[in-house]
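K.L.:
Requesting a structural model of the entry that follows:
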Amino acid sequence: MAPPTVAVVGGGISGLMCARRLGQKGVRVVLYEASSVLGGQIRKATVAGHDIDLGAEAIHTAAPGMSALINEIGLTGGLIKSNPGMSWLWTTSGLQRLPEGVGPSGPRKLLPVLRSGVMSFGGLFRAGLEPLVPRRKLRGDIGVGQYIGKRFGREVVDRFVDPVLGSLHAGDVYGLSLRAITPELAAIADRRRSIMMSRRGQKAGPPLSFATWLGGLTTLTQRMLINTGVEIRTLATVDSVLALPNGRYEVKTSDSRIEEVDAVVVAVPARVAAKIVRPLSHVATSLLEKVRYASVATVIVAYPKSAIEDLKAFKGTGLLVPSSKKRLLKAATFVSRKWSHMEDPNLVLVRLSCGRANEKVIDQLNDVELVSKLHDDFVDATGVKTEPLESYVQRWPNAIPQLEIGHDELVAKIREDLAFFKGIHLAGSSYDGLGIAACLRSGSTAAKDCLDDLGIEKSQIVSSGA
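P.N.:
The predicted structure is shown next:
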């Protein structure tokens, strides 16, 4: 008896993970990718003789299942950990250290914040009152910024949460979903607890250990499908999926190629998925179209090392820019400082990031203008007094999904509507969160659900990995 066939639409990290798990179970998997290469936003370019990641730049080895997956595909031995270092915040008084224990959900410790010099006396006093602020029951979903602002005061949001979380998600922290983006804070809110008191006495979690490989993160994507038997079809854009009377599905590509399959995993952005599932459900289509996106860009620049290595800024590994600065520059990573294998005797390599939701300026600038404007912002932040010797621009149009207030409920409705069609599943950052670890979990979950629909025992799935 021939094995069931599953179409996985999208060759980003979520689709690759899904295809891997399905292939390991003996399912015939056909992976469709619209571009010429796999990996989605995991992509690299050679700048000044160095291979540099243009999208995601590191994995977090302590993320659940990450180490197991890396070991499974035989990449543990080649891991390169990032150098120890700290990040700067670009404040009204110049560059200030990002205090220890400050993350996307605000401060875990108040003492480092007190010593940081980032906040005003009034802001510090307000933040210190957090344990005394009334704890009302959270009804539904609210913005991360709104919730943390109620607990710690607006200054904590604007000076810490916005540059850290807002930069990561390229969005407005007051519109980003508390439940979708910071579920640990949503759980605290549901229990009507103080954030600081809830964290009191907790053991610190695993340290943020970031890593990559000599060839960058494409090393991971290139090995994901080895020995899985997955059939890869690049330059294959899926136009639609149609339900057939026999319970199977017809997958049609832009070159009018048609294939009949038993199940489909749609691992592409919601705006693309909306077009694909339109023949199945106009309800799901309209809901998928509600997910908004931010366009971003990554610019790699190479500066002469002799001119900038002694500047204060380069004692750290990067900097974050609050949206209140009204600058195009959103964040910078000092690649040569962060990664030992990127050190160069003559150059300093820097990643400059830009783009936020509702910003149109990236589209209005050509590459030369984009590099110039980001360089000007970088000069103002760091004091660099030299022009870049080389640059590379990578634009990511409509790339970052905005997980806004009510996102989890929206995705639940989409999946509930598509559940009428057995064997149709979604995977990816548009639904289950940003970051490599979240995408791996999403792809793995979609594979499990798909196998269940096909009558293949979940318990038989390879357990290691995300």
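K.L.:
By mean pLDDT, flag the weakest helix or strand of the protein.
P.N.:
strand 106-107 (a mean of 58; mean pLDDT, DSSP states H and E).
K.L.:
I'd like the secondary structure assignment at the nearest residue to His375 once chain neighbours are set aside, please.
P.N.:
Nearest non-adjacent residue to His375, counting by Cβ to Cβ, 6 or more residues apart in numbering: Pro388, 6.2 Å away. Using the backbone N, CA and C atoms, a C-beta is placed for each residue, glycine as well. Three-state call for Pro388 (DSSP: H, G, I helix; E, B strand; the rest coil): coil.
K.L.:
For Pro388, list the residues it contacts.
P.N.:
Pro388 sits next to 301-303, 371, 375 when contact means Cβ atoms under 8 Å, 6 or more residues apart in numbering.
K.L.:
out of the residues you listed, which are buried?
P.N.:
Applying 16 or more other Cβ atoms under 10 Å to those, the neighbour count classes 301-303, 371, 375 as buried.
K.L.:
got the phi/psi numbers for the residue nearest to Pro131 when sequence neighbours are not counted?
P.N.:
Distances taken as Cβ to Cβ, 6+ apart place Ser194 nearest to Pro131, at 4.4 Å, with adjacent residues excluded. Dihedral pair for Ser194: phi -80, psi 140, per degrees, to the nearest 10.
K.L.:
what sits against Ser194?
P.N.:
Taking Cβ under 8 Å, 6+ apart as the test, what Ser194 contacts is 130-131, 133, 135, 151, 188.
K.L.:
do the same with Lys413
P.N.:
Leu287.
K.L.:
Look up how far Ala297 lies from it.
P.N.:
Going from Lys413 to Ala297 by Cβ to Cβ, to the nearest Å gives 32 Å.
K.L.:
about what we covered before: and the contacts of Ser194, which are buried?
P.N.:
The neighbour-count test (16+ other Cβ under 10 Å) marks 130, 135, 151, 188 as buried among the contacts of Ser194.
K.L.:
Run a quick check on the last one versus Met197, I expect a contact.
P.N.:
No. Distance between Ile188 and Met197: 9.3 Å, which falls outside the contact criterion (Cβ atoms under 8 Å).
K.L.:
ok, the residue lying closest to Val268 once chain neighbours are set aside - how many residues close by?
P.N.:
Distances taken as Cβ to Cβ, 6+ apart put Gly10 closest to Val268, at 4.0 Å, once the chain neighbours are dropped. As a burial measure, Gly10 scores 28 neighbours (other Cβ atoms under 10 Å).
K.L.:
Output the contacts of Ser194 as JSON lines; include the columns secondary structure, pLDDT and distance to Ser36.
P.N.:
What follows is the contacts of Ser194, written out as JSON lines (DSSP: H, G, I helix; E, B strand; the rest coil; pLDDT from 0 to 100; distance: Cβ to Cβ, whole Å):
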{"residue": "Glu130", "secondary structure": "helix", "pLDDT": "82", "distance to Ser36": "51"}
{"residue": "Pro131", "secondary structure": "helix", "pLDDT": "87", "distance to Ser36": "55"}
{"residue": "Val133", "secondary structure": "coil", "pLDDT": "87", "distance to Ser36": "53"}
{"residue": "Arg135", "secondary structure": "coil", "pLDDT": "85", "distance to Ser36": "53"}
{"residue": "Arg151", "secondary structure": "helix", "pLDDT": "89", "distance to Ser36": "47"}
{"residue": "Ile188", "secondary structure": "helix", "pLDDT": "89", "distance to Ser36": "45"}
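K.L.:
any idea which of those residues is closest to Val361?
P.N.:
Distance ranking of these against Val361, using Cβ to Cβ, places Arg151 first at 32.9 Å.
K.L.:
ok so Ala284 is a helix residue?
P.N.:
Yes. Counting by three-state DSSP, Ala284 is part of a helix.
K.L.:
which non-adjacent residue is nearest it?
P.N.:
Asp417 (4.6 Å).
K.L.:
Let me know whether that neighbour touches Ser286 as I believe.
P.N.:
No. Taking contacts as Cβ under 8 Å, Asp417 lies outside contact range of Ser286: 9.7 Å.
K.L.:
Which one's more surrounded, those two?
P.N.:
Asp417 (20 against 13).
K.L.:
got the buried residues for the helix or strand containing the more buried one?
P.N.:
In this assignment (DSSP states H and E), Asp417 forms part of helix 407-418. By 16+ other Cβ under 10 Å, the buried positions in helix 407-418 come out as 407-408, 410-411, 414-415, 417-418.
K.L.:
In the sheet, which strands lie alongside the helix or strand following it, parallel or antiparallel?
P.N.:
Following helix 407-418 in sequence order, the next helix or strand is strand 424-426 (DSSP H and E). If you go by DSSP bridges, strand 424-426 pairs up with strand 263-266 (parallel).
K.L.:
pull the CA atoms of the strand it pairs with into CSV?
P.N.:
The C-alpha trace of strand 263-266 is given here as CSV (Å, rounded to 0.1, in the frame of the first residue of the first chain):
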residue,chain,number,x,y,z
ALA,A,263,-3.3,16.4,3.6
VAL,A,264,-1.8,19.9,3.4
VAL,A,265,0.3,21.9,5.8
VAL,A,266,0.2,25.6,4.9
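K.L.:
Would you mind listing the outside residues contacting that strand?
P.N.:
4-10, 15, 18, 22, 241, 249, 251, 273, 276-277, 422-427, 446-447, 450, 453-454.
K.L.:
Beta-bridge partners for Val29, please?
P.N.:
Beta bridges link Val29 to Val6, judged by DSSP bridges.
K.L.:
follow-up on the earlier one: so what's the predicted local confidence for the residue nearest to Val268?
P.N.:
Looking at Gly10, its pLDDT stands at 97.
K.L.:
Show the low-confidence segments of the stretch 51-200 of the chain, by residue range.
P.N.:
101-111, 113-114, 199-200 (pLDDT under 70).
K.L.:
Can you give me the end-to-end span of stretch 412-426?
P.N.:
Stretch 412-426 stretches 11 Å from its first residue to its last (Cα to Cα, to the nearest Å).
K.L.:
likewise stretch 20-33?
P.N.:
Length of stretch 20-33, first residue to last, Cα to Cα: 15 Å.
K.L.:
Just the pLDDT for Phe334.
P.N.:
Looking at Phe334, the pLDDT reads 95.
K.L.:
ok, it - how many residues close by?
P.N.:
25.
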